[in-house]
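Peer 1: 3D model of this:
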Amino acid sequence: MDSISLVGLTLAVSAILVGQVLEGGHVGSLLQPTAFMIVIGGTLGAVMLQSSVRVFRTGMQMIRWVFMPPPLDYESLIADVVGWSNVARKEGLLALESQIPSIEDPFIRKGLQLLVDGVEPERLREVLEVEIDTWEGQMKQGAKIWEAAGGYAPTIGILGAVLGLIHVMENLADPSKLGAGIAVAFVATIYGVGFANLVFLPVAKKLLGVIGTLVSMREMLVDGLVGIANGDNPRIIESRLKGYAG
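Peer 2: Okay, the predicted model is just below:
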């Protein structure tokens, strides 16, 4: 669990609600189902229109990374690579074949399999880097649907505000209906700007950060596997890989 994401979201929402109360307003006045439907429904529709099914599905699935990111443990991966290096140095590359079935990550499994198959170091690097670039591109496309949502939401909020004002103008003769229309107008704008800056854009940045870390870890793995293929000393490999962890 990424606690800082939960704390950040809670803090942002609480600050707005507490500010509303301190100004003498009521929290209930910010709860407008119609405005919520306009902003969220309109933003979702716009994002779906610009995206393919695959990209949209990827972006939706990635939202869990905001609160439960994938393992980002450099030290553990470095220890694994150094262990493989020691085995290969003592028993040969073929000795690593028995460890492949126990590895869950398909990228790591593929890299080890290429290593066991005796692929040349530079060819090994080339194959794995192509896969990294492809994977990174796909993940960034998914993350950017949240960035797109952050761009659309404020405009949809303004659209909701205009609709509310139209409703007000249509009912000028009936003062009892003016309050609801004005509320929808202003709250729709709040929802649009609020969701964009408190949810959608931060989520996009968070996901891009996670993707960057995962790419760095994969590049580190490739460097380690190439070092094993070249027969480098395990200590040299370990020292080089620690540079990725900062």
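
Peer 1: Would you map the helices across the protein?
Peer 2: Applying DSSP state H to the chain gives helices spanning 3-22, 33-50, 53-62, 74-91, 106-116, 121-170, 178-195, 201-230, 234-245.

Peer 1: Could you list the domains of the protein?
Peer 2: Annotated domains of the chain cover 1-31, 33-245 [automatic domain parsing].

Peer 1: Mean pLDDT and mean neighbour count for those - can I get that in JSON lines?
Peer 2: Where you see a C-beta, it was placed from the backbone N, CA and C, and this is true even at glycine. Output for these, formatted as JSON lines (pLDDT from 0 to 100; neighbours: other Cβ atoms under 10 Å):
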{"stretch": "domain 1-31", "mean pLDDT": "85", "mean neighbour count": "11"}
{"stretch": "domain 33-245", "mean pLDDT": "91", "mean neighbour count": "17"}
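
Peer 1: and the residue nearest in space to the middle of the chain, what is it in contact with?
Peer 2: Taking Cα atoms, centre = their mean as the criterion, Leu207 is the residue nearest the geometric centre of the chain, at 2.0 Å. The neighbourhood of Leu207, defined by Cβ atoms under 8 Å, 6 or more residues apart in numbering, consists of 62, 65-66, 139, 142-143, 146.

Peer 1: Not counting stretch 2-14 itself, show me its contacts.
Peer 2: 66-69, 198-199, 202, 206.

Peer 1: With only the CA atoms kept, save it in CSV.
Peer 2: The C-alpha coordinates for stretch 2-14 follow below in CSV (Å, rounded to 0.1, in the frame of the first residue of the first chain):
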residue,chain,number,x,y,z
ASP,A,2,1.4,3.4,-1.0
SER,A,3,0.3,5.4,2.0
ILE,A,4,1.4,8.7,0.7
SER,A,5,-1.1,8.6,-2.1
LEU,A,6,-4.0,7.9,0.3
VAL,A,7,-2.8,10.6,2.7
GLY,A,8,-2.4,13.1,-0.1
LEU,A,9,-5.8,12.5,-1.5
THR,A,10,-7.4,12.7,2.0
LEU,A,11,-5.5,15.9,2.8
ALA,A,12,-6.6,17.6,-0.4
VAL,A,13,-10.3,16.7,-0.1
SER,A,14,-10.3,17.5,3.6
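
Peer 1: tell me how far that stretch is from the chain's mean position?
Peer 2: Between the centre of stretch 2-14 and the centre of its chain there are 16 Å (Cα atoms, centre = their mean, to the nearest Å).

Peer 1: Then stretch 230-237?
Peer 2: Taking the mean of its C-alpha atoms, stretch 230-237 sits 34 Å from the chain's own mean (Cα atoms, centre = their mean).

Peer 1: next one: stretch 104-115
Peer 2: 24 Å.

Peer 1: cool, stretch 162-174 as well?
Peer 2: Taking Cα atoms, centre = their mean, one finds stretch 162-174 lying 40 Å from the centre of the chain it belongs to.

Peer 1: dump the residue contacts of Ile63.
Peer 2: Going by Cβ under 8 Å, 6+ apart, Ile63 touches 146, 203.

Peer 1: And it, how far from Tyr152?
Peer 2: For Ile63, the distance to Tyr152 equals 17 Å [Cβ to Cβ, to the nearest Å].

Peer 1: can you check Glu120 too?
Peer 2: In this view, Glu120 and Tyr152 are 48 Å apart by Cβ to Cβ.
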